[in-house]
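Q: sequence and predicted model, in that order:
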Amino acid sequence: METRTLGSQGLTVSSLGLGCMGMSEFYGATDDAESVRTLERALELGMTFWDTADAYGP
């Protein structure tokens with residue numbers, strides 16, 4: 001997994017990020033076990049940038 005430096009403090013994160021808003025109840029019922037599997041797989045692939053914002057867009 002490629003990485004990028006985020007900000008000026010030297011924090012290194014994966015160049016790909018995972019949008020996690022769909023794991024909340026914003027879109028309706030969720031499957032917690034599926035969310036955990038998704039997060040675990042993202043970690044296995046080296047993904048360290050997870051967007052947990054409660055809204056996207058301008």
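A: Thanks, I have it. Numbering: from 1, shown residues only.
Q: what residue, apart from its backbone neighbours, is nearest Leu11 spatially?
A: Thr5 (6.9 Å; C-beta to C-beta, 6 or more residues apart in numbering). Quick note: C-beta positions are derived from backbone N, CA and C, even for glycine.
Q: can you pull the pLDDT of the one you found?
A: Looking at Thr5, its pLDDT is 96.
Q: how many other residues sit next to Ala42?
A: A total of 19 residues lie near Ala42 under the criterion other C-beta atoms under 10 Å.
Q: can you check Ser14 too?
A: Neighbour number of Ser14 under other C-beta under 10 Å is 18.
Q: my read: the residue nearest to Leu11 touches Thr12, true?
A: Yes - using C-beta atoms under 8 Å as the test, Thr5 is close enough to Thr12 to be in contact (5.8 Å).
Q: rewinding a little: isn't there a strand covering the residue nearest to Leu11?
A: Yes - under DSSP: H, G, I helix; E, B strand; the rest coil, Thr5 falls within a strand.
Q: how close does it get to Phe26?
A: Separation of Thr5 from Phe26 (C-beta to C-beta, to the nearest Å) stands at 30 Å.
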